[in-house]
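A.B. asks: Following is a predicted model, sequence given first.
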Protein chains: 2
Amino acid sequence: MSAYTKSMQDLIDHFKKMSGIGAKTAERMAFHVLQSPKEEMEKFSRAISNVKEQVKFCKVCGNLSEQDLCGICNDPRRDKSIVCVIEEPKDLILIEKSGHYRGTYHVLFGAISPLDGIGPEDLRIEEFLKRVKENKVKEVILATDSNAEGETTALYLSKELKPFKIKISRIAYGIPVGENFDYINQATLIRAMEGRRPM
Amino acid sequence: MSAYTKSMQDLIDHFKKMSGIGAKTAERMAFHVLQSPKEEMEKFSRAISNVKEQVKFCKVCGNLSEQDLCGICNDPRRDKSIVCVIEEPKDLILIEKSGHYRGTYHVLFGAISPLDGIGPEDLRIEEFLKRVKENKVKEVILATDSNAEGETTALYLSKELKPFKIKISRIAYGIPVGENFDYINQATLIRAMEGRRPM
């Protein structure tokens, strides 16, 4: 028998299903719910339903959105001729937080992975090529992950984009800014050397 | 402007309010909600409301309960003549998990703390003394925290309990089992020496 009541144990189990949340954190979160004001927790409960009901994906780029078009695709100040291709909406958030990129995005929702049975047709690649063709895209930045799947996807896209004769680049991999050399892994060092720039 | 949609940002803010949950974890949890099946998240949302609506505190001991009496106070196998006094319901959960204690509990919902303006009358002490008096309690184990507030509370209770002429003990503080001596702080070592037992 659990020492918790049924509804507490149920809530703890929900928290525990989240990646990176262990038993102790899940218990602490359930106690937070138990000890918070009722109105506050009603809002919390509604916030979860709201995300499921209101968050859709932008019809153009796949970004999170509560309308058909996301805030970025709808923003006249963003350069629609530059498209940065990423695997997941969360990658977009990371790039947006850095605050420097003024182009648009295209979310693939994954990467090519033959081992997992994920081919180009399972990703938003057809929509992407159509978008490049129809919207006078001048530059594509491939910002898929640096693992095997991300590299395969970047390679595949660069080949598919060749006929369009547009600028294609791969996001730079190298030594993280502020990082101590001692802690850099070999693969990163090799990429950093390959990507060296004249100065 | 946040890179997230309004409802996503709102959910992230709710997660961030929980102690020990930083910005990154809150974002990861919100993405978990976004990417999980709708029915599953409806259950999660309901689980939060359920805890607020169904979990009450046991009328006798203050433990979490969905009825007037908690599972422990209702269990005929638990020894009602032994009461372990604790500060919070979560302390009870910890002791229960160890699985050895067969008595009952009394949750004070805090500790005496003059600095925070918390006196004996703000805690469930009157109910406790009444319970000891009326229920033929034979033994009280004071398991309040080892900090100043917990110690003050234990001292206060032991004085109040004197007239009843029952067995009163303080939970043992000392070296945690399996812990390396190198990592023990001085206060713990002093308590461990003071609490030494002949063998």
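C.D. replies: That came in fine, so what should we check first?

A.B. asks: What pLDDT is listed against the closest residue to residue A:47 other than its chain neighbours?
C.D. replies: Residue nearest to residue A:47 in three dimensions, not counting chain neighbours: residue B:11, with 4.4 Å by Cβ to Cβ, 6 or more residues apart in numbering or on different chains. For glycine as for every other residue, the C-beta is placed from the backbone atoms N, C-alpha and C. For residue B:11, the model assigns a pLDDT of 96.

A.B. asks: go on, residue A:199?
C.D. replies: pLDDT, residue A:199: 69.

A.B. asks: Is residue A:56 bridged to anything, and to what?
C.D. replies: Per DSSP bridges, the residues bridged to residue A:56 are residue A:65.

A.B. asks: What residue spans form the domains of chain A?
C.D. replies: A:6-54, A:64-198 (automatic domain parsing).

A.B. asks: which stretch in those domains is the model least sure about?
C.D. replies: domain A:64-198 (a mean of 90).

A.B. asks: end to end, how far does that domain reach?
C.D. replies: The first and final residues of domain A:64-198 sit 39 Å from each other (Cα to Cα, to the nearest Å).

A.B. asks: Going along the chain, name the strands of chain A.
C.D. replies: All strands of chain A, identified by DSSP state E, fall at A:56-57, A:64-65, A:79-86, A:103-107, A:139-142, A:167-170.

A.B. asks: partners of the fourth one in the sheet?
C.D. replies: Pointing back at strand A:103-107 there. strand A:79-86 (parallel).

A.B. asks: For the strand it pairs with, which outside residues touch it?
C.D. replies: Under the contact criterion Cβ atoms under 8 Å, 6 or more residues apart in numbering or on different chains, strand A:79-86 has outside partners A:61, A:73, A:92, A:95, A:101-108, A:128, A:131-132, A:135-144, A:157, A:171.

A.B. asks: any idea how far residue A:52 lies from chain B?
C.D. replies: Applying Cβ to the nearest Cβ, to the nearest Å, the value for residue A:52 to chain B is 5 Å.

A.B. asks: For that residue, the count of nearby residues, please.
C.D. replies: Residues contacting residue A:52 under the criterion other Cβ atoms under 10 Å in any protein chain shown number 20.

A.B. asks: tilt between the longest helix along chain A and helix B:38-54?
C.D. replies: Looking across chain A with DSSP state H, the single longest helix is helix A:38-54. Angle of helix A:38-54 versus helix B:38-54, following axes from the mean of the first three to the mean of the last three Cα atoms, to 10 degrees, is 170 degrees.

A.B. asks: can you pull the buried residues of helix A:38-54?
C.D. replies: Neighbour counts over helix A:38-54 (16 or more other Cβ atoms under 10 Å in any protein chain shown) mark A:41, A:44-52, A:54 as buried.

A.B. asks: From the contact counts, what lies against it?
C.D. replies: With contacts defined as 3 or more Cβ pairs under 8 Å, 6 or more residues apart in numbering or on different chains; DSSP states H and E, helix A:38-54 has these neighbours: helix B:6-16, helix B:23-35, helix B:38-54.

A.B. asks: what does the longest one contact?
C.D. replies: Outside helix B:38-54, the residues that touch it by Cβ under 8 Å, 6+ apart are A:5-8, A:10-11, A:14, A:30, A:33-34, A:38, A:41-42, A:44-46, A:48-49, A:51-52, B:33, B:36, B:66.

A.B. asks: what's the answer for the shortest one, then?
C.D. replies: For helix B:6-16, the surrounding residues in contact (Cβ under 8 Å, 6+ apart) are A:43-44, A:47-48, A:50-51, A:54-55, A:64, A:66, B:2, B:4, B:21-23, B:25-27, B:29-30, B:33-34.

A.B. asks: how about a cut-off of 6 Å?
C.D. replies: The contact list for helix B:6-16 (Cβ atoms under 6 Å, 6 or more residues apart in numbering or on different chains) reads A:44, A:47, A:50-51, A:54-55, B:2, B:21, B:26-27, B:29-30.

A.B. asks: Pick the one among those residues closest to residue A:118.
C.D. replies: The closest of the contacts of helix B:6-16 to residue A:118 turns out to be residue A:55 (Cβ to Cβ; 23.4 Å).

A.B. asks: Just give me the neighbour total for that closest one.
C.D. replies: 20.

A.B. asks: That one and residue A:85, how far apart?
C.D. replies: The gap separating residue A:55 from residue A:85 is 21 Å, by Cβ to Cβ, to the nearest Å.

A.B. asks: Up against chain B, what does chain A have?
C.D. replies: The interface of chain A toward chain B, taken as Cβ under 6 Å from any Cβ of the partner chain, is made up of A:3, A:5, A:7-8, A:10-11, A:14, A:18, A:29, A:31-34, A:38, A:41, A:44-45, A:47-52, A:54-55, A:64, A:66, A:90, A:93, A:96.

A.B. asks: just to revisit the earlier point, now tabulate the helices and strands packed on helix A:38-54 in JSON lines and tack on distance to residue A:150.
C.D. replies: Below are those laid out as JSON lines (distance: least, Cβ to Cβ, whole Å):
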{"stretch": "helix B:6-16", "distance to residue A:150": "24"}
{"stretch": "helix B:23-35", "distance to residue A:150": "18"}
{"stretch": "helix B:38-54", "distance to residue A:150": "28"}
